[in-house]
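*Asks:* following is a predicted model, sequence given first.
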Amino acid sequence: MDTARDLYLSATLRRIEARHANLPLMQRAGLAAADFAGELADPRNRPVLILAGPGNNGGDAFVVGSRLRERFFAVHLVFAGDPAALPADAAAAREAFLAGGGSTLGEIPEIDHWGLIVDGIFGIGLRRAPEGRYAEWIATANRLAQRDACPLLALDCPSGLDADSGRRPGPCIAATHTISFIAAKPGLYTGDGPDHGGEIRIASLDLSIDEADGRRVSPADFAERLQPRRRNTHKGSFGSVGILGGGKSMSGAALLAGRAALRLGSGRVYLGLLDPDAPTVDPVQPELMIRRVDTLFQADLQALVCGPGLGHTSEAVQYVEQALKCPLPLVLDADALNILAVDGRLEGNLYNRIAPAILTPHPAEAARLLGSSVREVQDDRIGAAREMAARYASPVALKGCGTVLAASDGRWWINTTGNPGLASAGMGDVLSGLIATLLAQNWSPEQALLGAVHLHGAAADALVAASHGPAGLTASEVIDAARQVFNGWLAGRQR
């Protein structure tokens with residue numbers, strides 16, 4: 001079990017905690033957090049601010065306070081709850097802190113410069129927006145950490161962040177670091193999580209734990225497919241991809257998908273463009289074979305993309321229906337998804353397909369497919385992705401910060417590559433081309449989806465590392481970066 005990649009929902013973690021109730025879990029968690037805090041603390045021994053909440057996360061904070069005081073840190077611990085209402089372990093941690101010479105404050109004191117702030121207010125114990133005093137503490141902690149340029153360490157999960165979904169319903173700690181106890185929480189990696197969790201460290205507390213609820217995507221998920229190419233091959237060895245799209249004034253989307261497919265290694269790429277005024281040759285990538293849409297289905301294809309720039313005309317609807325009936329691995333994106341959402345006849349065609357299909361909606365497209373709202377989708381990204389995968393019997397990538405991938409059998413993953421540079425036009429078209437290329441090269445639908453999404457983000461990360469973004473990053477740039485990263489993976493496997 002690769003526990004570094006495993007993701008656990010709160011309900012599972014509660015069961016694990018209950019099973020180990022005989023162990024001093026709070027002491028273990030507090031000690032691990034104190035060790036991390038000691039690494040982060042200001043070497044000039046500036047004071048440490050600890051915010052302790054009214055539950056077990058507050059108990060963890062009391063243990064951290066005790067341990068740091070033992071190491072001669074100047075600790076200012078703020079607690080405003082009712083001591084009599086604390087859970088038993090948290091109450092014992094508070095008593096130990098006081099017995100060791102510590103004291104508590106009711107409000108955050110005025111200090112010129114903090115060396116470290118520790119958030120032990122709520123952790124995973126709150127799903128609604130923080131209110132009252134605790135909302136004020138969160139806002140003040142964020143302000144002071146920024147003012148003093150000091151680390152802000154969240155215990156288990158930043159207070160105000162939903163650990164399961166990454167939803168931020170109200171004020172939320174903007175941690176520079178998070179120490180996640182027992183295992184990683186999915187909310188740290190999707191939605192608002194990446195903006196609030198900072199650098200994440202896992203403290204397993206030496207527990208035996210259950211099978212993970214989900215996982216983070218890694219090249220290990222598709223490593224068996226990363227095989228160097230044999231010398232004795234030809235263009236037919238690497239599959240032919242068809243791209244169906246490019247409605248009126250939207251040829252660029254289909255061209256981007258086609259260029260991505262070609263540069264990731266497809267032997268041939270055919271484009272069927274709906275726009276009667278579309279170019280007959282791509283001057284940037286003349287290797288692309290542009291055809292009339294009605295002749296696209298006559299080509300010897302191994303995978304088909306339907307949707308980039310397709311539009312929503314009656315003609316487009318007819319071609320989506322034809323694509324769904326085509327016995328080829330199929331990637332549905334953009335307008336194909338919008339057509340699917342409004343035409344009930346097509347849902348059955350997708351569900352009953354013999355050949356696999358993959359759906360790649362962004363949140364607005366997902367909301368249309370589910371008959372819900374963007375907010376509802378974003379409030380439960382994992383649930384939304386799993387519902388779509390089950391409804392359409394197809395793997396799904398719900399795009400966005402921390403893309404959620406789901407299989408029709410309920411399994412799910414979160415992809416952690418990528419950066420804000422991907423928030424620009426054409427990025428989804430590139431992704432659809434990458435997925436189709438891997439399908440055409442005989443990757444399974446699941447591996448093709450995981451591999452392409454991970455590669456797409458890794459390519460954007462490589463560009464940012466080379467100072468080409470994130471601001472102003474373009475989809476065209478990601479295509480060549482993806483080729484470079486992918487070939488690096490292949491070379492690594494060969495070595």
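*Replies:* Everything's here; your move.
*Asks:* which non-adjacent residue is nearest the most centrally placed residue in the chain?
*Replies:* For the chain, residue 402 is the residue whose C-alpha lies nearest the centre (Cα atoms, centre = their mean; 1.6 Å). Nearest residue to residue 402, sequence neighbours excluded (Cβ to Cβ, 6 or more residues apart in numbering): residue 190, at 2.9 Å. C-betas here are computed from N, CA, C, even on glycine.
*Asks:* can you get me a residue count around that neighbour?
*Replies:* Other residues within reach of residue 190, judged by other Cβ atoms under 10 Å, total 26.
*Asks:* next one: residue 489
*Replies:* For residue 489, using other Cβ under 10 Å, the count is 18.
*Asks:* how about the strands of the stretch 51-200 of the chain, start to end?
*Replies:* With strands called from DSSP state E, counting those that start in this stretch, the stretch 51-200 of the chain shows them at 75-79, 104-105, 116-120, 152-155, 177-181, 199-203.
*Asks:* could you dump these to JSON lines with mean neighbour count and distance to residue 96?
*Replies:* JSON lines is the format used below for the strands of the stretch 51-200 of the chain (neighbours: other Cβ atoms under 10 Å; distance: least, Cβ to Cβ, whole Å):
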{"stretch": "strand 75-79", "mean neighbour count": "23", "distance to residue 96": "12"}
{"stretch": "strand 104-105", "mean neighbour count": "16", "distance to residue 96": "13"}
{"stretch": "strand 116-120", "mean neighbour count": "30", "distance to residue 96": "15"}
{"stretch": "strand 152-155", "mean neighbour count": "32", "distance to residue 96": "17"}
{"stretch": "strand 177-181", "mean neighbour count": "25", "distance to residue 96": "19"}
{"stretch": "strand 199-203", "mean neighbour count": "17", "distance to residue 96": "20"}
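*Asks:* of all the ones you listed, which one is nearest residue 46?
*Replies:* Of all the strands of the stretch 51-200 of the chain, it is strand 116-120 that lies closest to residue 46, at 7.7 Å by Cβ to Cβ.
*Asks:* which residues sit against the closest one?
*Replies:* 33, 37, 40-42, 46, 48-53, 57-58, 60-62, 64, 138, 141, 144-145, 150-155, 158-159, 173, 175 (Cβ atoms under 8 Å, 6 or more residues apart in numbering).
*Asks:* leaving out sequence neighbours, find the closest residue to residue 82.
*Replies:* Using Cβ to Cβ, 6+ apart and skipping the chain neighbours, the partner closest in space to residue 82 is residue 54 (7.2 Å).
*Asks:* and for residue 63?
*Replies:* In space, residue 63 is closest to residue 30, 2.4 Å off (Cβ to Cβ, 6+ apart).
*Asks:* same thing with residue 87?
*Replies:* Nearest residue to residue 87, sequence neighbours excluded (Cβ to Cβ, 6+ apart): residue 56, at 5.4 Å.
*Asks:* could you do residue 378 as well?
*Replies:* Nearest residue to residue 378, sequence neighbours excluded (Cβ to Cβ, 6+ apart): residue 363, at 5.6 Å.
*Asks:* domain assignment for the protein?
*Replies:* Domain segmentation of the chain under automatic domain parsing yields 6-215, 219-494.
*Asks:* let's have those in CSV, adding mean pLDDT.
*Replies:* Below are the domains of the chain laid out as CSV (pLDDT from 0 to 100):
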stretch, mean pLDDT
domain 6-215, 96
domain 219-494, 96
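*Asks:* would you map the helices across the stretch 51-200 of the chain?
*Replies:* 56-70, 88-99, 132-148, 193-196 (DSSP state H, counting those that start in this stretch).
*Asks:* what's in contact with the shortest one?
*Replies:* Helix 193-196 is contacted by residues 154, 158, 160-161, 166, 168, 172-175, 186-188, 401-402, 416 when judged by Cβ under 8 Å, 6+ apart.
*Asks:* any chance of the helices of the stretch 51-200 of the chain in CSV, plus distance to residue 111?
*Replies:* What follows is those, written out as CSV (distance: least, Cβ to Cβ, whole Å):
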stretch, distance to residue 111
helix 56-70, 15
helix 88-99, 19
helix 132-148, 8
helix 193-196, 24
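*Asks:* let me know which of those helices is tucked in deepest.
*Replies:* helix 56-70 (a mean of 26; mean count of other Cβ atoms under 10 Å).
*Asks:* quick one: it to chain centroid distance?
*Replies:* 31 Å (Cα atoms, centre = their mean, to the nearest Å).
*Asks:* what angle separates that helix from strand 177-181?
*Replies:* Angle of helix 56-70 versus strand 177-181, following axes from the mean of the first three to the mean of the last three Cα atoms, to 10 degrees, is 110 degrees.
*Asks:* same for helix 56-70, what does it pack against?
*Replies:* For helix 56-70, the contact count by 3 or more Cβ pairs under 8 Å, 6 or more residues apart in numbering; DSSP states H and E identifies helix 25-40, strand 48-52, strand 75-79, helix 88-99, strand 116-120, strand 152-155 as packing neighbours.
*Asks:* and residue 262, which of these is closest to it?
*Replies:* Per Cβ to Cβ, nearest to residue 262 of those: strand 152-155, 44.6 Å.
*Asks:* partners of the closest one, with directions?
*Replies:* When pairs are called by DSSP bridges, strand 152-155 turns out to pair with strand 116-120 (parallel), strand 177-181 (parallel).
*Asks:* redo those strands as JSON lines? Include distance to residue 337.
*Replies:* Below are the strands paired with strand 152-155 laid out as JSON lines (distance: least, Cβ to Cβ, whole Å):
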{"stretch": "strand 116-120", "distance to residue 337": "39"}
{"stretch": "strand 177-181", "distance to residue 337": "34"}
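*Asks:* to residue 252, which of the ones you listed lies closest?
*Replies:* Proximity to residue 252 (Cβ to Cβ) singles out strand 177-181 among the strands paired with strand 152-155, at 40.2 Å.
*Asks:* tilt between the closest one and helix 25-40?
*Replies:* Angle between the axes of strand 177-181 and helix 25-40 is 160 degrees (criterion: the same axes, to 10 degrees).
*Asks:* CA atoms of strand 177-181 as PDB?
*Replies:* C-alpha atoms of strand 177-181 as PDB (Å, rounded to 0.1, in the frame of the first residue of the first chain):
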ATOM      1  CA  HIS A 177       2.000  24.100   6.100                       C
ATOM      2  CA  THR A 178      -0.500  21.400   7.200                       C
ATOM      3  CA  ILE A 179       0.300  18.200   9.200                       C
ATOM      4  CA  SER A 180      -2.400  15.700   8.300                       C
ATOM      5  CA  PHE A 181      -2.800  13.000  11.000                       C
END
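*Asks:* next one: that strand to chain centre, how far?
*Replies:* Relative to the chain's own centre, strand 177-181 is displaced by 17 Å; criterion: Cα atoms, centre = their mean.
*Asks:* which ones are touching the residue nearest to residue 87?
*Replies:* Going by Cβ under 8 Å, 6+ apart, residue 56 touches 26, 87, 89, 90, 123, 125.
*Asks:* adding distance to residue 76, write those residues out as JSON lines.
*Replies:* Listed next are those as JSON lines, based on distance: Cβ to Cβ, whole Å:
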{"residue": "26", "distance to residue 76": "21"}
{"residue": "87", "distance to residue 76": "23"}
{"residue": "89", "distance to residue 76": "23"}
{"residue": "90", "distance to residue 76": "19"}
{"residue": "123", "distance to residue 76": "20"}
{"residue": "125", "distance to residue 76": "23"}
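*Asks:* which among the residues you listed gets closest to residue 450?
*Replies:* residue 123 (30.1 Å).
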